[in-house]
Structure formats: structure tokens, C-alpha cells
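In: can't give you the sequence, but here's the structure:
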């Protein structure tokens, strides 16, 4: 399994609208690709800035390429991101993921 992490920064005042936009675009696109195993949004405020990360899990790199294209390390942006993001990080991070689920108590 591969974990893909994208990070963006927006104004705290735009955080709720931007998170909704990310759900409608990026998260929906992730879920539409065969080989996507799930996704989450992580969010953290830092003063007037909100950090938003999408964390998604993929079967393999070929699945990620079906979403992001051949240059799968390049961050994928949407036109409306320009309204919210303070900067455009060029790359995302990928990690090989080894899952050690804990039994429920």
C-alpha cells in the first residue's frame, strides 16, 4: 500500500469553504479511481493560517498514476485552488505503508 500526502495552506477564514471544495474535487476524484483505498483530510490551525493535508491510500503506484498522471509526484491542482491557497507546493509525498491494525477492545 502507498500513502500519498498533499499539503496546502489557506487563510483560516477560508478553511471551511476550502475543505468543502477539496472534498468535492480531490477527495471525489480519489474515490473514483480503481485502486484508491480511502482518504482523509487533516487540518490544523496556526494563527491566521490553516494547514490542510489530504492523506490517501492506494493499492500501488499505477493506481496513483491513474489519478495524477505519469508524473505522479507532481501535485494536482484545480482552477479554483487559486481562490484559496497561499502557495502551490510542486510535489506531494509518497510513503510505502505497512498497516498494523490494532484489535478492538
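Out: That came through fine. It should be emphasised that the depicted structure is a prediction, and the values quoted were computed from it without experimental measurement.

In: How much space separates residue 47 from residue 84?
Out: Separation of residue 47 from residue 84 (Cβ to Cβ, to the nearest Å): 17 Å. (Each C-beta comes from the backbone N, C-alpha and C, glycine too.)

In: In terms of packing, which of the two has more residues around it?
Out: Taking other Cβ atoms under 10 Å, residue 47 and residue 84 do not tie; residue 84 has more neighbours (19 against 6).

In: distance of the more buried one from residue 15?
Out: Remark: distance between residue 84 and residue 15 (Cβ to Cβ) = 9 Å.

In: In contact with residue 21, which residues?
Out: By Cβ atoms under 8 Å, 6 or more residues apart in numbering, the contact list for residue 21 reads 78, 80, 81, 84.

In: what's the closest non-adjacent residue to the last one?
Out: Counting by Cβ to Cβ, 6 or more residues apart in numbering, the nearest residue to residue 84 once its immediate chain neighbours are dropped is residue 18, at 4.2 Å.

In: So for whatever helix or strand the one you found lives in, what gets flagged as buried?
Out: Element membership of residue 18, judged by DSSP states H and E, is helix 15-22. By 16 or more other Cβ atoms under 10 Å, the buried positions in helix 15-22 come out as 15, 18, 19, 21, 22.

In: again with stretch 36-50
Out: In stretch 36-50, the ones that count as buried by 16+ other Cβ under 10 Å are 36, 39, 50.

In: okay, the contacts of residue 21 in TSV with distance to residue 2 and secondary structure next?
Out: Converted to TSV, those look like this (distance: Cβ to Cβ, whole Å; DSSP: H, G, I helix; E, B strand; the rest coil):
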residue	distance to residue 2	secondary structure
78	22	coil
80	27	coil
81	23	helix
84	27	helix
